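Student: Following is a predicted model, sequence given first.
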Amino acid sequence: MSFALLHDLRDLNVLVLHPKDTEGVFLTDHLRRIGCDAQLVWPIPDHLPAHTDIVFLSMDDEARQEITAFIKTLPNPAPTILAIVGYENPSMLQVVLESGALAVVERPIKPFGLLTNLAIARQLWLERRQLSKDVRKYKRKVHGDQHLARAKAILMANLGTSEDEAYRELRQEAMAKRISIDEVARAVIASEKGLRS
């Protein structure tokens, strides 16, 4: 955990979805002392307020339907979620898993461990977001490579050229039109499909 992450926690908008009792007020005040912009909200809203970075979500049995409905409205990617639980049972564990919580805070809520749970959950969230970006990037690259291979095969078959000559043809076309080689490859594939129909 880096000091930059701990410093960045101070600038985050934290939504505390917890009954407005002693525990909810304590948690909200403690998060404010850490430096977070924390807001205590109950009952659970229909939608996540804009610009919410972190959600502490109280897993109350009485509000299970509202919690489940709220979870379904979360954007993708959802904010960092920490679940607050008072006991463990299979149905509550199911809701915690469905929420995508990256940490669990147990009741009664104590100040010790809150900052650690918050920092670890946020670090996991940041790593997961980076992995998701990397996956999208590599998927685009793989699809681009597949398009390039298909376009080269089309040119080789239609023009009777070698693989290197087909690649040079695609690259020259991309440079002349100032577009990516993937766009040129897609155009070659699309034109070949058009000729077949």
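Tutor: Received, thanks. Being a predicted model, the structure only gives us computed values, none of them experimental. Numbering: from 1, shown residues only.

Student: Now do the SS call for the spatially closest residue to residue 102 that is not a sequence neighbour.
Tutor: By the measure of Cβ to Cβ, 6 or more residues apart in numbering, the closest residue to residue 102 outside its immediate chain neighbours is residue 121, 4.0 Å from it. The C-beta positions use only the backbone N, C-alpha and C, and glycine is treated the same way. Each residue gets one of three states, and residue 121 gets helix by DSSP: H, G, I helix; E, B strand; the rest coil.

Student: any idea how far residue 114 is from residue 121?
Tutor: Distance, residue 121 to residue 114, using Cβ to Cβ, to the nearest Å: 11 Å.

Student: next one: residue 183
Tutor: 50 Å.

Student: With neighbour numbers in mind, choose between the two.
Tutor: Neighbour count, other Cβ atoms under 10 Å: between residue 183 and residue 114, residue 114 has more, with 18 against 14.

Student: What residues does the more buried one make contact with?
Tutor: The contact partners of residue 114, by Cβ atoms under 8 Å, 6 or more residues apart in numbering, come to 27, 30, 31, 34, 105.

Student: ok, now with 10 Å
Tutor: Residue 114 is in contact with 27, 30, 31, 34, 56, 82, 103, 105, counting by Cβ atoms under 10 Å, 6 or more residues apart in numbering.

Student: Which parts of the protein are helices?
Tutor: 3-9, 22-34, 64-72, 90-99, 114-159, 163-177, 181-196 (DSSP state H).

Student: Export those as TSV, with columns for distance to residue 52 and mean pLDDT.
Tutor: Supplementary listing: these in TSV, determined by distance: least, Cβ to Cβ, whole Å; pLDDT from 0 to 100:
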stretch	distance to residue 52	mean pLDDT
helix 3-9	14	64
helix 22-34	13	94
helix 64-72	12	92
helix 90-99	14	88
helix 114-159	13	88
helix 163-177	42	90
helix 181-196	36	82
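
Student: Export those to TSV and append columns for distance to residue 47.
Tutor: Shown next, in TSV, are those (distance: least, Cβ to Cβ, whole Å):
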stretch	distance to residue 47
helix 3-9	24
helix 22-34	20
helix 64-72	8
helix 90-99	15
helix 114-159	20
helix 163-177	44
helix 181-196	37
